[in-house]
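**Student:** let me see the structure of the following:
(2 chains)
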Number of protein chains: 2
Amino acid sequence: MKEYGNLTTAELTSELEATRKEYDEICALKLSLDLTRGKPATEQLDLSDGMFATINNDFVMDGVDVRNYGMLGGLPSTKKLFAELLDCKPEQVFIGGSASLAMMYDLISKAMVFGLPMSVRPWDREEHIRFMCPVPGYDRHFTINRSFGFEMIPIPMTEDGPDMDLVEKYANEKGVKGIWCVPKYSNPDGFVYSEETCKRFASMKTAEPDFLIMWDNAYCVHSLYGEPAYLPSIISLCAESGNADRVFEFASTSKVTYAGSGISAIAGSQDNIAWYKKLAGAQIISYSKLMELAHVRFLKDKATTVKHMAKHAEILRPKFEAVISELNLQLAPRGIAHWHDPKGGYFVSLYVMPHTAKRVAKLCLDAGVKLTAAGATYPGGEDPEDSNLRIAPSYAQLDDVKQAAKVLCIAARLAALEQLAKS
Amino acid sequence: MKEYGNLTTAELTSELEATRKEYDEICALKLSLDLTRGKPATEQLDLSDGMFATINNDFVMDGVDVRNYGMLGGLPSTKKLFAELLDCKPEQVFIGGSASLAMMYDLISKAMVFGLPMSVRPWDREEHIRFMCPVPGYDRHFTINRSFGFEMIPIPMTEDGPDMDLVEKYANEKGVKGIWCVPKYSNPDGFVYSEETCKRFASMKTAEPDFLIMWDNAYCVHSLYGEPAYLPSIISLCAESGNADRVFEFASTSKVTYAGSGISAIAGSQDNIAWYKKLAGAQIISYSKLMELAHVRFLKDKATTVKHMAKHAEILRPKFEAVISELNLQLAPRGIAHWHDPKGGYFVSLYVMPHTAKRVAKLCLDAGVKLTAAGATYPGGEDPEDSNLRIAPSYAQLDDVKQAAKVLCIAARLAALEQLAKS
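**Tutor:** Below is the predicted model:
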């Protein structure tokens, strides 16, 4: 099998014809498959079936009746659990509502109205705010930025995390107020930030005193193969560098127990958490301690949680491997795409031939396979290379994932051949 | 028994001495009682024991697996339930998180950063914002105002609701952006707004196009005696007056099922709800549908909810009656206090002799009975009359409530006598 780049004109014409036929045949199957969002599959949700049984009409945890008001910021046991998961101290944790995304939004909203502890003024009094966004990245982070009117600076990702030379350069510019990070099994590439990257984040100079690292540790225990990857504690590193208040970390149980119906946590320096708690005191009496109780009884500690995540991995792994294996089979020999083989998280990030990602997504759609919109992993939905596609294999059944991966690869090949034929 | 105002100097001296003795005797009992917050009692929380059993590993409602992402704004069945409770249409409802207070805060926060649909500019671009606060009122509403830096305009309460002449006067002033209301079984007085009050709210002229009525219907089904009192639908009235977008209504199940661990709802015009939902789309994927499911299965509809609330009333009623009966016994004949006998809600609002409320609270505290701080029901904690005390009889056991009410009345008498003796 030849790489497409080495095909003669005649070979290209015949390969294009053959691939078009292949595509038409798979279209005839009238599939209806959806790989758009990183949703857990039903079998994964079933893994938490025992959770409510743990309540068993015993509503007391840490000596507190969880059914009543009080204990803003969470119960000691819940803080302890998240401190273990996030490698920080319980007093550095604030337990929030059912969605970490809402806690991130709330923090930015508080920065806008009140300013952060080290702000000179509230952010909505600033002339213009810029925020760094590693790309490809998580579209909902971009949406929060857009909602608050921030200009987004795309920062290319590497296997070790965002391009830190660029990060440090922009951090030194006035008006650049922060950066979004998914440091472990990054969305969508599945990269884990290296220790050096984390240290540079912690120690870099910033022009703004209230520069904010939004450390969205969404996949802290979401390994596909054994123990979760090592990630240094950004909270400790920042403290050691004398920049303790630079980072807020976020996590939730959305992909541990119930998506959007679990519990979330914010972590940071004790000063940051005290500041946040004080403002939150005007906002809420306490988040759902009932869900705290159910989660602490069910997940117990990090070891038990990691065991629970291994069951998720058993369901997820074959789906990821099905995608990767199809990519290896169809795309690798043609030299028209590249990807990272993720060891955790929820996505396979595929880079098809530049200027064909939108075409590939359209071809997939016409063949009955829905993908996340091409470009969605870039601010404003604009991938300058038109190359990246985020594949979310978690929700569909294994056979459907296999089928969808086949369609995807045929579409990627066809789009590449069309492109080559044009030039 | 003589009214204290009619005592001769000699009688006053002897009464003061006798009451001081009574007070010392009750101090000697070294009580430790707490009537500070409107928390449900354990027996009330037990009423919802069956709630999680309704899940029974069947997680599908309205054809949706509630354990996964999606359905921002709530499931059809949940909207239908709250539409019944709040006398509006399901499409006028947005289902939120575990606390309606957080939804109120969030709305004000959105007004600050983005402005309301009818705002000329975001509120944080306004020179100065004033907000009306019926007094006595709910301290957490005042705290939200203070947190966002609003000036508060106290509006005296009447049995029919806030003094509407004053409300209409201030609504016609520039910079007055809204008002907080607890329209049914008001906090703390337990008044129910009259139909005329509601109509005047709906139809009044306002200087600001984005004048906002925060209609905190916290006690919509919280009657102590049979069916909940009638309250007109403010959403319908506003629509009829051509001011459909003037009001946002709030409710939660905090005092129906679990305090701070239930579900909440925002209601308003369809345009307002669509606007809110659009902004919320940047903030969260969906609130806890799992809790929606449990609540809908357990509370079913308005009739079932009202029946459930009757069980709460059975537990609450004797406590309220114990307080009222003690007030009638000790304070009525002395002519030194007045109060409203509430038919629902969570409080008895007691007006002791002017300039003695702080003293009464202190005497109670020294006798081992904690009350909500005197003045807490006024913006800035300043009751200009120093007269109002909010009594929360729900959480304590009945015998303790009786005991505490006794202490309270002795303290009120002693403080009044001290005051009279000084003048």
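**Student:** what domains does the record give for chain A?
**Tutor:** Per automatic domain parsing, the domain ranges recorded for chain A read A:4-44+A:306-422, A:57-300.
**Student:** out of those, flag the one nearest B:Gly97.
**Tutor:** Minimum separation from B:Gly97 across the domains of chain A (CB to CB) falls at domain A:57-300, 5.1 Å. The C-beta positions use only the backbone N, C-alpha and C, and glycine is treated the same way.
**Student:** check the offset of the closest one from the chain's centre.
**Tutor:** With CA atoms, centre = their mean, to the nearest Å as the basis, domain A:57-300 stands 12 Å off its chain's centre.
**Student:** residue boundaries of the helices in the stretch 151-300 of chain A?
**Tutor:** Using DSSP state H, counting those that start in this stretch, the helices of the stretch 151-300 of chain A run over A:164-171, A:195-203, A:234-240, A:270-280, A:289-299.
**Student:** among the domains of chain A, which is the most enclosed?
**Tutor:** domain A:57-300 (a mean of 21; mean count of other CB atoms under 10 Å in any protein chain shown).
**Student:** start to end distance for that one?
**Tutor:** From its first residue to its last, domain A:57-300 covers 18 Å (CA to CA, to the nearest Å).
**Student:** any idea how far the nearest residue to A:Lys2 once chain neighbours are set aside is from A:Glu22?
**Tutor:** Setting aside the residues directly before and after it, A:Lys2 is nearest to A:Glu11 in space (CB to CB, 6 or more residues apart in numbering or on different chains), at 7.0 Å. Separation of A:Glu11 from A:Glu22 (CB to CB, to the nearest Å) stands at 16 Å.
**Student:** ok, A:Lys199 next?
**Tutor:** 49 Å.
**Student:** circling back to that earlier point, mean pLDDT for the domains of chain A - can I get that in TSV?
**Tutor:** Converted to TSV, these look like this (pLDDT from 0 to 100):
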stretch	mean pLDDT
domain A:4-44+A:306-422	97
domain A:57-300	98
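**Student:** B:Glu84 is nearest to which of those?
**Tutor:** That would be, of the domains of chain A and by CB to CB, domain A:57-300, which comes in at 23.6 Å.
**Student:** which residues of the stretch 51-200 of chain A lie near chain B?
**Tutor:** For the stretch 51-200 of chain A, the residues in contact with chain B (CB under 8 Å from any CB of the partner chain) are A:52, A:55, A:57, A:59, A:65-70, A:97-99, A:101-102, A:105-106, A:109, A:112-113, A:122, A:124, A:140, A:143-144, A:146-148.
**Student:** could you check the angle the helix or strand hosting A:Met112 makes with helix A:270-280?
**Tutor:** Following DSSP states H and E, one finds A:Met112 within helix A:100-113. With axes from the mean of the first three to the mean of the last three CA atoms, to 10 degrees applied, the angle from helix A:100-113 to helix A:270-280 works out at 90 degrees.
**Student:** which element follows helix A:100-113 toward the C-terminus?
**Tutor:** strand A:130-135.
**Student:** contacts for stretch A:398-413 next, please.
**Tutor:** A:4, A:19, A:22-23, A:26, A:29, A:31, A:33, A:35, A:318-319, A:322-323, A:325-327, A:329-331, A:334, A:336-337, A:350, A:352-353, A:356, A:360, A:363-364, A:367-369, A:371, A:389, A:391, A:393, A:396 (CB atoms under 8 Å, 6 or more residues apart in numbering or on different chains).
**Student:** same thing but at 7 Å, please
**Tutor:** Stretch A:398-413 has contacts (CB atoms under 7 Å, 6 or more residues apart in numbering or on different chains) with A:19, A:22-23, A:26, A:31, A:33, A:35, A:318-319, A:322-323, A:326-327, A:330-331, A:334, A:336-337, A:352, A:360, A:363-364, A:367, A:369, A:391, A:393, A:396.
**Student:** ok, stretch A:272-286 next?
**Tutor:** Residues contacting stretch A:272-286 (CB under 7 Å, 6+ apart): A:69-73, A:92, A:94, A:110, A:114, A:117, A:245, A:248, A:266, B:99, B:101-102, B:105, B:143-144, B:147, B:260.
**Student:** re the thing from before, want to throw the helices of the stretch 151-300 of chain A into JSON lines with distance to B:Lys307?
**Tutor:** Listed next are those as JSON lines, based on distance: least, CB to CB, whole Å:
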{"stretch": "helix A:164-171", "distance to B:Lys307": "60"}
{"stretch": "helix A:195-203", "distance to B:Lys307": "57"}
{"stretch": "helix A:234-240", "distance to B:Lys307": "50"}
{"stretch": "helix A:270-280", "distance to B:Lys307": "35"}
{"stretch": "helix A:289-299", "distance to B:Lys307": "23"}
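**Student:** how about these, which one is nearest A:Glu385?
**Tutor:** helix A:164-171 (16.6 Å).
**Student:** what angle sits between the closest one and helix A:195-203?
**Tutor:** Here the directions of helix A:164-171 and helix A:195-203 differ by 10 degrees (the same axes, to 10 degrees).
**Student:** excluding chain neighbours, give the residue nearest to the residue nearest the centre of chain A in space.
**Tutor:** Geometric centre of chain A, nearest residue: A:Asn187, 3.6 Å, by CA atoms, centre = their mean. Closest residue in space to A:Asn187, ignoring its immediate chain neighbours: A:Tyr138 at 4.3 Å, by CB to CB, 6+ apart.
**Student:** spell out which residues of the stretch 251-400 of chain A are next to chain B.
**Tutor:** Residues of the stretch 251-400 of chain A lying close to chain B by CB under 7 Å from any CB of the partner chain are A:258-261, A:282-290.
**Student:** of the residues you listed, which is the nearest to A:Leu81?
**Tutor:** A:Lys289 (13.4 Å).
**Student:** could you spell out the sheet neighbours of the longest strand belonging to chain A, each with its direction?
**Tutor:** If you go by DSSP state E, chain A has its longest strand at strand A:151-158. The pairing partners recorded for strand A:151-158 under DSSP bridges are strand A:130-135 (parallel), strand A:161-162 (antiparallel).
**Student:** Serialize those strands to TSV and add fields for distance to B:Thr305.
**Tutor:** Output for the strands paired with strand A:151-158, formatted as TSV (distance: least, CB to CB, whole Å):
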stretch	distance to B:Thr305
strand A:130-135	45
strand A:161-162	51
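**Student:** of all these, which lies closest to A:Ala171?
**Tutor:** Closest among the strands paired with strand A:151-158, once you apply CB to CB, is strand A:130-135, at 7.8 Å.
**Student:** picking up where we left off before, if I look at the residue nearest to A:Lys2, how far off is chain B?
**Tutor:** 46 Å (CB to the nearest CB, to the nearest Å).
**Student:** surely A:Asp271 is in contact with A:Asp245?
**Tutor:** Yes - at 5.8 Å, A:Asp271 counts as touching A:Asp245 under the criterion of CB atoms under 7 Å.
**Student:** picking that back up, now do the phi/psi pair for the residue nearest to A:Lys2.
**Tutor:** Phi and psi for A:Glu11, reported as degrees, to the nearest 10, are phi -60, psi -40.
**Student:** what's the spacing between it and A:Ala412?
**Tutor:** As for A:Glu11, its distance to A:Ala412 is 18 Å (criterion: CB to CB).
**Student:** and if you look at A:Ile95?
**Tutor:** Applying CB to CB, the value for A:Ile95 to A:Ala412 is 43 Å.
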